[in-house]
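>>> Model the following, please.
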Amino acid sequence: MRVYRVATLYAILAAAAPAAALEPNEILVIANSQVPASTSVARYYCQRRKVPVDNILALPLGAGMSETISRNDYEKNLAGPIRKKLLTLSFTANIKCLLTTYGVPIKVGGRGPLKGEEDKLKQLQQLAAQQKKEIEALEPGDSTKSTYRKRDMKRRLTRLQSDIDRISGKETDASVDSELSMVLLGDYELYRWQPNRLKGGLPHVSSDTLLVCRLDGPGEGVAKALVDKAMSAEATGLKGIAYIDSRGIEQSRKSFSPGYYDESLRDLAVLIQFRTDMEVRHERTEELFAPGKAPQTAIYCGWYSLEKYVDAFDFVDGAIGYHISSLGAANLRDPNSTEWCPAMLSDGVTATLGAVAEPYLHAFPEPRVFFLELFNGRCLVEAYYHTKPFNSWRLVLIGDPLYRPFKTTP
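Here you go, the predicted model:
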């Protein structure tokens with residue numbers, strides 16, 4: 001099996017081709033008009049990246065720097081005005097990417113229970129309660145018939161609970177950016193996630209799904225520096241050491257299982273050696289890179305330390321990295337947070353991604369394919385949208401959307 005995986009990597013490498021990047025005039029920059037730092041970041045980005053200043057949309061989103069916006073306020077004060085702007089004659093079909101800035105809310109709340117479904121909800125809750133009693137009443141036994149019966153009953157209970165959660169509004173929150181990807185799609189179900197139509201690299205020029213990225217972090221200065229560091233790395237080329245932190249989990253054929261992701265990390269270590277001149281340092285056990293043991297970090301990808309960043313890295317300008325964990329970006333603007341995204345941003349990373357709430361493992365871009373998109377010349381936001389499975393869900397991308405760390409030549 002390992003031979004097959006390496007052969008597959010060789011095939012991917014041979015098929016690699018240059019890719020066109022997103023253009024500055026295709027970006028609409030979203031700012032909070034009630035937070036001066038937000039409009040300052042928006043103007044700074046337009047100046048540095050030569051985005052037309054008319055492409056700034058400043059909206060009144062509150063003066064309190066709240067990270068969360070209610071579902072109603074999201075639609076009224078954020079999604080609605082953006083949709084209206086995008087549908088004006090001068091912007092129709094021109095904008096492919098939204099860039100949210102420091103001061104724009106990061107999380108959108110749930111929708112609440114579905115109206116008119118109260119009776120159905122009570123009925124489902126009664127059925128679920130009865131199913132639980134029947135499962136508990138089953139006599140313990142080792143017979144195949146008893147085992148299958150209990151398994152079927154648990155499956156029915158799982159389906160009932162899913163219907164209950166959908167009607168009651170559980171898991172209908174999201175990151176603002178992930179929700180904004182679908183701002184042009186009209187009505188869609190708000191329950192858990194929706195498939196990302198751009199996954200796989202289909203041309204986004206004909207799609208109604210928008211690319212969305214964010215300049216944000218623990219402070220206005222951190223947000224602005226993301227642009228400076230990206231442009232610096234583009235000018236000189238991204239140089240440094242790649243640190244990959246797999247866990248030694250046995251390979252699995254089951255897509256998006258722990259074994260699948262761990263194998264993707266191991267494949268990434270091989271891929272970096274073939275596609276770059278970087279030295280690769282690979283931690284293959286349950287241990288993480290120790291504090292101070294990762295100098296000149298240009299690439300980092302690994303897992304798993306929940307809400308506890310390990311200060312191992314000395315990030316170079318242009319460094320890209322993410323840690324696969326459940327709550328990496330829940331408190332993105334807190335300079336004292338030990339979550340991975342805010343801590344990495346404070347430590348100097350140039351681009352990262354993470355979850356604002358529990359996203360489940362299968363929501364993360366697979367490491368090997370995400371970095372391969374970058375190696376093939378994609379800009380940051382395109383690489384992300386070509387590889388992340390879902391929209392209307394809980395991940396957020398932080399960095400300069402135009403950043404191309406590995407430019408290709410025709």
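>>> how far away is the closest residue to P105 other than its chain neighbours from G217?
Distances taken as C-beta to C-beta, 6 or more residues apart in numbering put I69 closest to P105, at 3.8 Å, once the chain neighbours are dropped. In short, each C-beta sits where N, CA and C put it, glycine included. Distance of I69 to G217, given as C-beta to C-beta, to the nearest Å: 18 Å.
>>> who's more crowded, these two?
Using other C-beta atoms under 10 Å, the more surrounded residue of I69 and G217 is G217, with 27 against 23.
>>> With adjacent residues omitted, what lies nearest to the more buried one?
In space, and not counting its chain neighbours, G217 is closest to L345: 3.9 Å by C-beta to C-beta, 6+ apart.
>>> ok, now D277?
Leaving out its chain neighbours, the residue that sits closest to D277 by C-beta to C-beta, 6+ apart is K239, at 8.0 Å.
>>> need the contact list for the one you found.
The contact partners of K239, by C-beta atoms under 8 Å, 6 or more residues apart in numbering, come to 277-278, 298, 316.
>>> before we move on, what about E117?
Counted by C-beta under 8 Å, 6+ apart, E117 has contacts I167.
>>> What ranges in the stretch 1-150 of the chain fall below the confidence cut-off?
Applying pLDDT under 70 to the stretch 1-150 of the chain picks out residues 1-20, 89, 91-92, 139-146.
>>> quick one: the residue nearest to P105 from K107, how far?
Taking C-beta to C-beta as the criterion, I69 is separated from K107 by 7 Å.
>>> go on, I241?
I241 sits 34 Å away from K107, going by C-beta to C-beta.
>>> Show me which of those two is the more surrounded one.
Legend: neighbour count by other C-beta under 10 Å for I241 and K107, higher for K107 (23 against 20).
>>> That one against V356, yeah?
Yes. Counting by C-beta atoms under 8 Å, K107 does reach V356; the two are 4.9 Å apart.
>>> who touches both of the two?
174-175.
>>> how far out from the middle of the chain is stretch 253-263?
Centroid separation for stretch 253-263 versus its chain: 18 Å, with C-alpha atoms, centre = their mean, to the nearest Å.
>>> any idea of the mean pLDDT for it?
For stretch 253-263, mean pLDDT rounds to 90.
>>> Equivalent analysis for stretch 164-172, please.
The model assigns stretch 164-172 a mean pLDDT of 93.
>>> Send me that stretch as PDB with only the CA atoms.
The C-alpha coordinates for stretch 164-172 follow below in PDB (Å, rounded to 0.1, in the frame of the first residue of the first chain):
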ATOM      1  CA  ILE A 164     -34.300  16.600  16.200                       C
ATOM      2  CA  ASP A 165     -31.100  18.700  16.000                       C
ATOM      3  CA  ARG A 166     -32.000  20.000  12.500                       C
ATOM      4  CA  ILE A 167     -35.400  21.300  13.600                       C
ATOM      5  CA  SER A 168     -34.200  22.600  17.000                       C
ATOM      6  CA  GLY A 169     -31.300  24.600  15.300                       C
ATOM      7  CA  LYS A 170     -28.400  22.700  16.800                       C
ATOM      8  CA  GLU A 171     -25.100  23.100  14.800                       C
ATOM      9  CA  THR A 172     -26.400  26.000  12.700                       C
END
